[in-house]
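# I'd like to go over a predicted model; first the sequence, then the structure.
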Amino acid sequence: MTSHNSLNSLLSGSDSVDLRHLSAHAKKLKNLTAKIRTVLDSASSEHCTVANLRDQTLILQTSSPAWVAKLRFQIPMLINALKSSSTPVTNIQIKVVPENKIETTHENISKPQYISPSTAELLEGVANHISNSDLKSSLLRLSKRVASDKE
C-alpha cells in the first residue's frame, strides 16, 4: 500500500473523526490567517500568523515583542473585521515565537567538548595552586578533556 493510499484510508476510516476535525480546524486557521493579513498593513501582515482559535479567542503569533506592540494597536480593527465574517472573535491574544528558535534535533545535541593540550596544562597549573577542594577537583576533571589526534 502506498503512503497516499494509507493516508486516504486513515482519513476515510471509522476512526478518522479526530483527523477530519483536525484537518478542518487547520483549514479554518489558514483561512483566518489570510483574512487577518488582508486587514493588517503589509509590514505587520508579514509577521503575523493565526496560531489557534479557542472559545472566541483568536491567538496570533509573531516573531518579536516589537511586532506584538504594533499588533496590539490593531486589535479593535481586527475584531471588527472578523465580526463581519462567520468567525465570532471577542478577544485576541498575541504570542511571540522567535523565527530563529533552535530546535533540538539529533544533529545539534551537544557533543562532548574537548580542550587543547596547552589549555589542559594551564588548568592543571591553576588547580594545583587553589585551596578550595571542590574547585580544584573540577578544574582537574576539566583538564582531562584533552582533544585526541584521532578526532
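Received the coordinates, thanks.

# Tell me the first helix or strand C-terminal of the helix or strand of the chain with the lowest mean pLDDT.
For the chain, using mean pLDDT, DSSP states H and E, the weakest element among its helices and strands is helix 3-12, scoring a mean of 59. Next helix or strand after helix 3-12 toward the C-terminus (DSSP states H and E): helix 17-39.

# what's the spacing between the residue of the chain most remote from its centre and K136?
Relative to the centre of the chain, and counting by CA atoms, centre = their mean, the farthest-placed residue is H129 at 45.7 Å. Look at H129 and K136: by CB to CB, to the nearest Å, they are 9 Å apart. Quick note: C-beta positions are derived from backbone N, CA and C, even for glycine.

# Same question for P98.
40 Å.

# Just want to know which of those two has more residues nearby.
K136 (15 against 10; other CB atoms under 10 Å).

# wait, that one sits on I130?
Yes. The pair K136 / I130 is scored as a contact, 4.7 Å apart, by CB atoms under 8 Å.

# Report pLDDT for K136.
On the pLDDT scale, K136 is placed at 88.

# Repeat that for N132.
So N132 comes in at 87 (pLDDT).

# all strands of this protein, in order?
48-54, 57-62, 91-96 (DSSP state E).

# Dump those strands into CSV; add distance to Q74 as well.
CSV is the format used below for those (distance: least, CB to CB, whole Å):
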stretch, distance to Q74
strand 48-54, 9
strand 57-62, 10
strand 91-96, 9
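
# what domains does the record give for this protein?
According to automatic domain parsing, the chain comprises the domains 11-96, 102-151.

# give me the beta-bridge partners of L60?
V50, I94 (DSSP bridges).
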